[in-house]
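K.L.:
here is my input; please provide its structure:
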Amino acid sequence: MPRAKTPEERQEIRELICGVGERLFVERGVNGVSMRDLGAELGLSPMAPYRYFKDKAEILAAVRAAAFSRFSDTIEAAFDSGKTPTARARAIGTAYLGFAIAEPNAYRLIFDMTQPDEDQYPELAFQSARAREILSRQSSDLIANGLAPDDAEEVTHSLWSAAHGVCVLYMAGKFSSADSAREAYRNTMRWLFMGLHADAQKPPRSLSKSIKETP
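P.N.:
Just a heads-up that it's a prediction; the model follows:
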């Protein structure tokens, strides 16, 4: 009779399955991967993955949660390293692009894939919310220091969209090198921050309107 695996051994095999899953889900798409494929890639029996995960959806959720966690760790450490608002913004931007360059599969799983009923997977829901909170924290930091207009959601979406756009173009091979992508990223963010700062200096619309109407 085979020896029962220790919790540590089970966790190690779960991580191996997730590692293979990350690559296969990106290469083939979720529908192009089966539990049999995952087992075969690891030299396991077709039914072996079911001993560690309920189904393929649970594996995908675990893989995406782990990717989100690494992404969040990266940008949070960058944000915390800055001593000023501009330094924090620069650090988090550099870390964001750096993650996409270093871990393109994980980045695609985070932002290119969704799952129905994600709330059924607590760790995935937590890590997804954590990433959004860190990016929102950056926006609030900029707003509090007069560097962006007072709309945290819109500022977050603007910064996120610009960062994501450069990352997607890089992964699609639209830049000649990672350094070219970094240069485009710096310029994109510099121009965006100039616009945000300019908008932050404008008086509120209601005040602006009353000034214009003053005889």
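
K.L.:
so Arg23 touches Asn105, yeah?
P.N.:
Yes - if you go by CB atoms under 8 Å, Arg23 and Asn105 touch, sitting 6.1 Å apart. For glycine as for every other residue, the C-beta is placed from the backbone atoms N, C-alpha and C.

K.L.:
out of those two, which sits in the more crowded spot?
P.N.:
Asn105 (17 against 13; other CB atoms under 10 Å).

K.L.:
does the more buried one lie in a helix or a strand, and which?
P.N.:
Using DSSP states H and E, Asn105 maps to helix 104-111.

K.L.:
buried stuff in whichever helix or strand comes after that helix?
P.N.:
Moving toward the C-terminus from helix 104-111, the next helix or strand (DSSP H and E) is helix 122-144. Within helix 122-144, the residues that qualify as buried are 124, 127-128, 130-131, 134-135, 137-139, 141-143, counting by 16 or more other CB atoms under 10 Å.

K.L.:
and stretch 100-113, by the same measure?
P.N.:
Those would be Ala100, Ile101, Glu103, Asn105, Ala106, Tyr107, Arg108, Leu109, Ile110, Phe111, for stretch 100-113 by 16+ other CB under 10 Å.

K.L.:
and the nearest residue to the last one once chain neighbours are set aside, how many neighbours does it have?
P.N.:
The spatial neighbour of Phe111 that comes closest, neighbours along the chain excluded (CB to CB, 6 or more residues apart in numbering), is His164 at 6.5 Å. Counted with other CB under 10 Å, the neighbours of His164 add up to 14.

K.L.:
now swap in Val63 and tell me
P.N.:
25.

K.L.:
my read: it touches Cys18, true?
P.N.:
Yes - taking contacts as CB under 8 Å, Val63 lies within contact range of Cys18: 4.8 Å.

K.L.:
give the next helix or strand downstream of the longest helix seen in the chain.
P.N.:
Ranked by residue count, the top helix of the chain under DSSP state H comes out as helix 56-81. Counting by DSSP H and E, the element after helix 56-81 in chain order, helix or strand, is helix 85-102.

K.L.:
shaky segments in this protein?
P.N.:
For the chain, the stretches with pLDDT under 70 are 1-4, 204-215.

K.L.:
kindly report the domain assignment for it.
P.N.:
1-53, 62-201 (automatic domain parsing).

K.L.:
most tightly surrounded among those domains?
P.N.:
domain 62-201 (a mean of 17; mean count of other CB atoms under 10 Å).

K.L.:
and it, how far out from the chain middle?
P.N.:
Centroid separation between domain 62-201 and its chain, computed with CA atoms, centre = their mean, to the nearest Å, is 7 Å.

K.L.:
for it, measure first residue to last.
P.N.:
44 Å (CA to CA, to the nearest Å).

K.L.:
same question, stretch 28-36
P.N.:
Span of stretch 28-36 from end to end, CA to CA: 14 Å.

K.L.:
now the angle between helix 122-144 and the helix or strand hosting Trp191, please.
P.N.:
Secondary structure from DSSP H and E places Trp191 in helix 178-201. Per axes from the mean of the first three to the mean of the last three CA atoms, to 10 degrees, the angle that helix 178-201 makes with helix 122-144 is 60 degrees.

K.L.:
coming back round to it: could you work out the most separated pair of the buried residues of stretch 100-113?
P.N.:
Greatest spatial distance among those (CB to CB): Ile101 and Leu109, at 15.4 Å.
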